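Engineer: just coords:
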């Protein structure tokens, strides 16, 4: 029988590649590409490895899983993904749509596997998540940009999967158009009513297309899916590498299934107990810190960029350009920008101080009426599915204020407090018009081991979130790359110290006795192309 997607439509075939995101998506320059041959189907799962119920440590889910779900094993088949070898193999697993009703409606989750190269030393499985929310991960184990060392790939079957609602796993798209697709919204009293209308329309379209089923696309249910993947692969435990939003998914898994979490590496951390509105609002104060860091860096290189000899002068240069654009939009390259668009373009280039300095040089030329190239990132428009996936998870994971006036008040206040990005971070979203979550947000507080990696200057997942995650996972260890820039570290060629720590833990079980500070590699401060990449955050 054909597996039907949410809303009754057939599950989509090959996904469109996602290349743009400015919030919770990891943006390392990974070009998701070739899949290698996968292992043949595993044998039946051992009884001790199989879930006996759809419940978890929260006690919030339903009763026993049907045997057809609890005892399923992967049937590997050609992945048939454009641009990858024909030998690539994937498998489809069936999971409950609603774990409170495990015998009810089901959906499918697509997985892939890169088999351990040294079966005699094989430890288990290493699940990967690229971030998002919304990032597909099916091809991730074979991405040439993610250079997992041989000592890791020899010991683990590396497992990729498209989380529910993503890629080949019932990909969500609400049919958004026009203003509904706007990713970030500056606060302007005169346009607030239009922003409310667009975000309300967003929520209404999703509700009309998917009905109550859309409420089941949550981080908690994805964690339950991960545990069903574990069972189907015949494993008692999983190890895990998650980037950006994937750190939250990993943290939730450790809270729900602590006895099944083996070696976890959480790269570029989300504060697990602030999801999601307050976590996003953190971009306001942290944006000011990022801008100050950039001004210091750029002032030290005044001869290269000509934006000012002191941090104060560099900062004034930027804000004078914004003020000029407030009076009259500025042409930069082939485009014209108003003040709000310049702030957004600046933020999109804060993955590195160098990248932002180069962008502001272009802005300065435009403000002076001089010819220049185009600003990086202008064409980073979101697609329907990207927006749908991102906000579905954000709105379903936790309750948001229902009153639009709350957003107007907070955005107006934060625009004054944090003029770089505060209003964008606090403004109205579709979550104001979403149905309340079916479960409360996960409160993460446990003693599971996890190695947390974090760049000091990561504007997508700011440093305070890593400290908070470290406190929530009480037996975790935090490795901060002092002076490190960019989003994502491990196996991306960004920092040797962090790479060695994570590899030693995954491959050999060597766990740091205390938190670690790594020095940034010379010339390796994580400059990232804009817009992002097919790997999430």
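Structural biologist: That came in fine, so what should we check first? Small disclaimer: the values here were computed from a predicted structure and weren't measured. Numbers count the residues shown, from 1 in each chain.

Engineer: and whichever strand or helix holds residue 239, what other elements does it pack with?
Structural biologist: Assigned by DSSP states H and E, residue 239 belongs to strand 238-243. Judged by 3 or more Cβ pairs under 8 Å, 6 or more residues apart in numbering; DSSP states H and E, strand 238-243 is in contact with strand 124-129, helix 219-232, helix 245-256, strand 261-267. For the C-beta atoms, the positions are set from N, CA and C on the backbone; glycine is no exception.

Engineer: Can you give me the end-to-end span of stretch 240-249?
Structural biologist: End-to-end distance of stretch 240-249 (Cα to Cα, to the nearest Å): 10 Å.

Engineer: that older thread, direction included, what does the strand holding residue 239 pair up with?
Structural biologist: Its sheet considered, strand 238-243 pairs with strand 124-129 (parallel), strand 261-267 (parallel) by DSSP bridges.

Engineer: Go through those and pick out the most buried.
Structural biologist: Across the strands paired with strand 238-243, averaging neighbours per residue (mean count of other Cβ atoms under 10 Å) puts strand 261-267 on top, at a mean of 26.

Engineer: could you point out which element follows it?
Structural biologist: Next helix or strand after strand 261-267 toward the C-terminus (DSSP H and E): helix 277-281.

Engineer: Return the set of buried residues in that following helix.
Structural biologist: 277, 279-281 (16 or more other Cβ atoms under 10 Å).

Engineer: and it, how far out from the chain's middle?
Structural biologist: 14 Å (Cα atoms, centre = their mean, to the nearest Å).

Engineer: from the buried residues of helix 277-281, which is closest to residue 125?
Structural biologist: Lowest distance from residue 125 to the buried residues of helix 277-281 (Cβ to Cβ) belongs to residue 279, with 29.2 Å.

Engineer: Could you pull up the contacting residues of that closest one?
Structural biologist: For residue 279, the contacting residues are 270-271, 465, by Cβ atoms under 8 Å, 6 or more residues apart in numbering.

Engineer: Quick one: mean pLDDT over the helix ranked longest in the chain.
Structural biologist: Identified as the longest helix of the chain according to DSSP state H is helix 192-210. Helix 192-210 carries an average pLDDT of 98.

Engineer: Let me see the residues that make contact with it.
Structural biologist: Contacts for helix 192-210 (Cβ under 8 Å, 6+ apart): 6-7, 172, 174-176, 178-180, 182, 185, 214, 387-388, 391-392, 395, 404, 408, 427-435.

Engineer: rerun at 7 Å
Structural biologist: Contact with helix 192-210 is made by 6-7, 174-176, 179-180, 182, 185, 214, 388, 392, 404, 408, 427-430, 432-434, as judged by Cβ atoms under 7 Å, 6 or more residues apart in numbering.

Engineer: From residue 463, how far off is residue 289?
Structural biologist: 9 Å (Cβ to Cβ, to the nearest Å).

Engineer: When these two are compared, which one has more neighbours?
Structural biologist: Neighbour totals were compared for residue 289 and residue 463, and residue 463 leads with 19 against 16 (other Cβ atoms under 10 Å).

Engineer: correct me, but that one touches residue 456?
Structural biologist: Yes: counting by Cβ atoms under 7 Å, residue 463 touches residue 456, with 5.8 Å between them.

Engineer: Mind jotting down where the strands sit in this structure?
Structural biologist: 77-78, 89-96, 106-114, 124-129, 156-161, 238-243, 261-267, 330-332, 335-337, 451-457, 477-485, 516-519 (DSSP state E).

Engineer: Run the angle between the third one and strand 89-96 for me.
Structural biologist: On the basis of axes from the mean of the first three to the mean of the last three Cα atoms, to 10 degrees, strand 106-114 is oriented at 150 degrees to strand 89-96.

Engineer: How far away from the center of its chain is strand 106-114?
Structural biologist: Chain-centre distance of strand 106-114: 19 Å, with Cα atoms, centre = their mean.

Engineer: for it, packing partners?
Structural biologist: strand 89-96, strand 156-161 (3 or more Cβ pairs under 7 Å, 6 or more residues apart in numbering; DSSP states H and E).

Engineer: what does the average pLDDT come to for that strand?
Structural biologist: In this model, strand 106-114 carries a mean pLDDT of 95.

Engineer: strands paired with that strand, and their directions?
Structural biologist: Strand 106-114 is paired, per DSSP bridges, with strand 89-96 (antiparallel), strand 156-161 (antiparallel).

Engineer: quick one: the first one to helix 219-232, angle?
Structural biologist: Relative orientation of strand 89-96 and helix 219-232, computed by the same axes, to 10 degrees: 120 degrees.

Engineer: residues making contact with strand 89-96?
Structural biologist: For strand 89-96, the surrounding residues in contact (Cβ under 7 Å, 6+ apart) are 37-38, 54, 69, 72, 74-79, 102, 104, 106-112, 138, 225, 228-229, 232.

Engineer: Let me see the contact set for residue 117.
Structural biologist: Residue 117 sits in contact with 153-154, where contact means Cβ under 7 Å, 6+ apart.

Engineer: For the helices and strands packed on strand 238-243, give me a markdown table that also has mean pLDDT.
Structural biologist: Formatted as a markdown table, those follow (pLDDT from 0 to 100):
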| stretch | mean pLDDT |
| --- | --- |
| strand 124-129 | 98 |
| helix 219-232 | 98 |
| helix 245-256 | 98 |
| strand 261-267 | 98 |
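
Engineer: got a markdown table for those, with distance to residue 415 too?
Structural biologist: Below are the helices and strands packed on strand 238-243 laid out as a markdown table (distance: least, Cβ to Cβ, whole Å):
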| stretch | distance to residue 415 |
| --- | --- |
| strand 124-129 | 34 |
| helix 219-232 | 30 |
| helix 245-256 | 26 |
| strand 261-267 | 32 |
